[in-house]
Each structure stands twice: as C-alpha cells, then as structure tokens.
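Novice: Turn this into a model:
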Amino acid sequence: MSLRVVLSALLTVMICFQYAPSYASQIAWLVVEHSPAYQVFQPWDREVMFAATEALDWEVADYRETILTYYELLYDAVLHNEMDKAARYLGVLLTLLLRAKGYTEASGPRLLPLFESLDWGSARILDTSPEEIVDYWLLYEPSSDEDFAYASVSLSLLGKLPVNSFIRVLHTPLLREMYIASFAAILAASTYFSYRRGKLEGGRVEAEAPP
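Specialist: Numbering: from 1, shown residues only. As a prediction, the model looks like this:
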C-alpha cells in the first residue's frame, strides 16, 4: 500500500469524524458549552469530542476510581495550562460519567435532543467535594430518560476547575516568571517616575520661593 493511499485513508477518517461525532461527544460538549469551563476549552472542541468518543470503547473495572483519577488529571492539567492534555481528560471524564449509568450509543439519538432542549440554567449545582459528587452520581437511580441529574453532576464538577486565568498563570512556570518579571518592571518604572516627578515638583517650589 502506497504512502499516498495511507494518507488518503487517514484524511477520510478525520473528515468523517469531523462531520459525524458520536452522540456521547455531542452531549459532553453541550455540558462544556454551558459550564464556566467553556471560556477555557472553546478552542479545543474537537479534542474534547474525539476523546469522549474514544472512551466509549474502554474497558473500565472501577468507575469511581477511574472517574476520580481523570478528574484529578483534568484539574492538574487546567491548573498548569496544559490544555491539550486537559481537553483529552475532559472528554474521557464526561463519557465515563455517562457510561457509569449504562449509557450506550444506541440511546444517543433519544437522549441528545433532550439535552439540546434542556434549560441548563435550572440545573442544580452540588456544593460538595468531587468525591461526594461522583458518589452521588454512582448511587443515583434516574427515573426516566428526562432525568437530567447528569447535567447537574457534570456542571458541578466542571464548576470546581481552576479556570481563572490569574490562578493558571501563577501555576504555569514560564508564564509565572514572565508575569513576575513584568510586574517587577512596572513597579520599578512606577517608582522611578514617581521619584522624578517628586524631584521636578520640588525643584519648582525652590525656584519660586522668595530669597
């Protein structure tokens, strides 16, 4: 098989994915769009959706441990501004939350329209630890397809991510040093100009004073 054929096949696969994402990935991205994390992940939609689709085929022995592990990885990656990793961890996390309650792509065509019509602003945000949120979800028994506890759980977890740009700058080595250097430069310049202004104003007072 020639290199051209291989590259053509890979390009076809990429194009197909671009126009035919999984239902799980679309549901996951709806969650991101309605969360505080959207401002950070907006340029990474394809990466999030691709990872969400990949996780549909994973074999998971312990959903609680796996979900919490990926949440910790996600939190750390966002905190240190490693967004390529964070996008992957986010996609995996959101799909694992679905799969933990028995989700399959066969139910996707029924669930996606429900999530698209959901009033996301009414979703309950759980003010507890990530461990407690995950435990709540794993023990929860949905009453029907229109039971949107998944939205509350997902939004609650994403709401705890360190998406504040200032916090992320302080935890990203190169950006942190650049910020400290620029702050020091601004402080030095401000001190210098204050000193110069004081000297000039002091000089004018002396010149205008009577002999």
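Novice: which residues of the chain score low on pLDDT?
Specialist: Within the chain, the ranges that satisfy pLDDT under 70 run 1-19, 144-146, 165-211.
Novice: What segments of it are helices?
Specialist: In the chain, helices defined by DSSP state H lie at 3-19, 23-33, 38-41, 45-54, 63-79, 83-99, 108-116, 130-139, 149-158, 165-170, 173-208, listed in chain order.
Novice: The residue lying closest to A24 once chain neighbours are set aside: neighbour count?
Specialist: Closest residue to A24 apart from its sequence neighbours, by CB to CB, 6 or more residues apart in numbering: T95 at 5.0 Å. No exception for glycine: its C-beta is placed from N, CA and C like everyone else's. By the criterion of other CB atoms under 10 Å, T95 has 26 neighbours.
Novice: any idea how far T95 lies from D119?
Specialist: T95 sits 23 Å away from D119, going by CB to CB, to the nearest Å.
Novice: Same check on L90?
Specialist: L90 is 23 Å from D119, by CB to CB.
Novice: Compare these two (neighbour count), which wins?
Specialist: Each of L90 and D119 has its neighbours counted (other CB under 10 Å); L90 has more, 33 against 8.
Novice: Which segments of this protein make up each domain?
Specialist: For the chain, automatic domain parsing gives the domain ranges 21-167, 172-208.
Novice: Pretty sure S22 sits against E54.
Specialist: No. S22 lies out of contact with E54 (CB atoms under 8 Å); the separation is 9.2 Å.
Novice: between these two, which one's more packed in?
Specialist: The neighbour count for S22 versus E54, taken as other CB under 10 Å, is higher for S22 (19 against 15).
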